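S.K.: quick one, fold the following:
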Amino acid sequence: MKAIILNDKNSMENIQHTIENDLTFRLKSICFDEHYTPSSSTRRTTNFANLAIGANRQENLRNAINMMNHRFNTLASWDNPNNNRYSLELEIVSVDLDIDASATTFPLIEILKTHIIDHKTGKHIEGIAGNNFSSYVRDYDFSIQLLEHNKGKDLFSIPKSFGELHGNLFKSFVQSERYKEHFMKPPVMCLSVSENRTYHRTGNQHPILGFEYESDKSSLTVQYFKKMGLQVRYFMPTNSVAPFAFYFFGDLLADYTNLELISTISTMDTFQKIYRPEIYNANSIAGACYKPSLNNQDHSITKIIYNREERTQLGIEQGKFAEKHFITPYKSALEQWSANFTL
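M.R.: As a prediction, the model looks like this:
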């Protein structure tokens, strides 16, 4: 695994000064298409990177993009008689964090930004940032810190201040001028529901997001994203078989247009059918009371296959990478910055 490695020659005082002041984020982007090749600093467990590895990479990418476009047109059915009015362009945005005055950086976050092409009008419409969410620090929190904390213990518990550094780094980025220069609206993350929770359908139905569900209780993921400043609602869109977890700032239903919401649904519905077919490509639809299971055998698989066990192993490797190159060498400076962080 290669990435931009921090320069050991820089003094801790220099690093401390930089972290204690306003953080500087550097953004770069690449198009997600059938020619996409992951960069050296991209997490290999990321949905888009995982598809772009191996002998069938170009076929995987082409099939995934076709699935997204078909799903988009199915949801955006008005004034779209041939089901081909729209297509999606996806931009992978990589966010690096400056560590010191010499501009040495660490790969902090990767997110997807959607762009909608209206072939009837010729317009290019900006979609939603977020969708998939990638973070080395999150790998460290879940694959290293959480496991180490519970090693040899009979009862599971969460470490003190778990997720606070990651949450503050994320909030700092979203509030930064750099974010506002590149994105019109706050991000929305669309993730799988938890197989450890039960979801109950409510009477609320949105024309795009579909039926709303509520969880019986909070999950560790919900708590983690709450520290990032994000709240959650669960919706099952039309022609989906299970609800999705939508993490957002503000008002999910009022702040985004129908096409913006469809861009997120079509993108993440495709990824989840590939990576969670037991839930999102099941042969039966979630009922009024729904408990997802990765052991569900009654499901279909796409032509795009991935190695779930490999993704788990890579999560641990990526957590160790963050620990070695970011968490451990700059622990005191990061903890001090996080403790003093305010919006």
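
S.K.: strands of the stretch 151-300 of the chain, start to end?
M.R.: 188-192, 199-206, 210-215, 231-236, 244-248, 289-290 (DSSP state E, counting those that start in this stretch).

S.K.: contact partners of the shortest one?
M.R.: Outside of strand 289-290, the residues that reach it under the criterion Cβ atoms under 8 Å, 6 or more residues apart in numbering are T198, Y199, H200, R201, Y213, A242, P243. For glycine as for every other residue, the C-beta is placed from the backbone atoms N, C-alpha and C.

S.K.: wait, which of the strands of the stretch 151-300 of the chain is closest to Y256?
M.R.: strand 188-192 (7.1 Å; Cβ to Cβ).

S.K.: check the offset of that closest one from the chain's centre.
M.R.: Centre-to-centre, strand 188-192 and its host chain are 6 Å apart (Cα atoms, centre = their mean, to the nearest Å).

S.K.: check stretch 85-95 too.
M.R.: A distance of 14 Å separates the centroid of the chain from that of stretch 85-95, by Cα atoms, centre = their mean.

S.K.: cool, stretch 258-273 as well?
M.R.: 12 Å.

S.K.: and that stretch, which residues are buried?
M.R.: Across stretch 258-273, burial judged by 16 or more other Cβ atoms under 10 Å covers 259-273.

S.K.: how about the strands of the stretch 151-300 of the chain in CSV, adding mean pLDDT, mean neighbour count and distance to R62?
M.R.: Listed next are the strands of the stretch 151-300 of the chain as CSV, based on pLDDT from 0 to 100; neighbours: other Cβ atoms under 10 Å; distance: least, Cβ to Cβ, whole Å:
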stretch, mean pLDDT, mean neighbour count, distance to R62
strand 188-192, 96, 22, 22
strand 199-206, 97, 15, 31
strand 210-215, 97, 19, 28
strand 231-236, 98, 20, 28
strand 244-248, 98, 24, 24
strand 289-290, 97, 16, 32
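
S.K.: ok, so of the buried residues of stretch 258-273, who is nearest D154?
M.R.: Q272 (33.8 Å).

S.K.: in contact with that closest one, which residues?
M.R.: So Q272 contacts S192, F244, I279, Y280 (Cβ under 8 Å, 6+ apart).

S.K.: of the residues you listed, closest to S338?
M.R.: When the contacts of Q272 are compared against S338 (criterion: Cβ to Cβ), the nearest one is S192, at 28.1 Å.

S.K.: for N66, see how far away the closest one is.
M.R.: Here the criterion is Cβ to Cβ, to the nearest Å. By it, S192 lies 22 Å from N66.

S.K.: same check, this time on G152
M.R.: For G152, the distance to N66 equals 48 Å [Cβ to Cβ].
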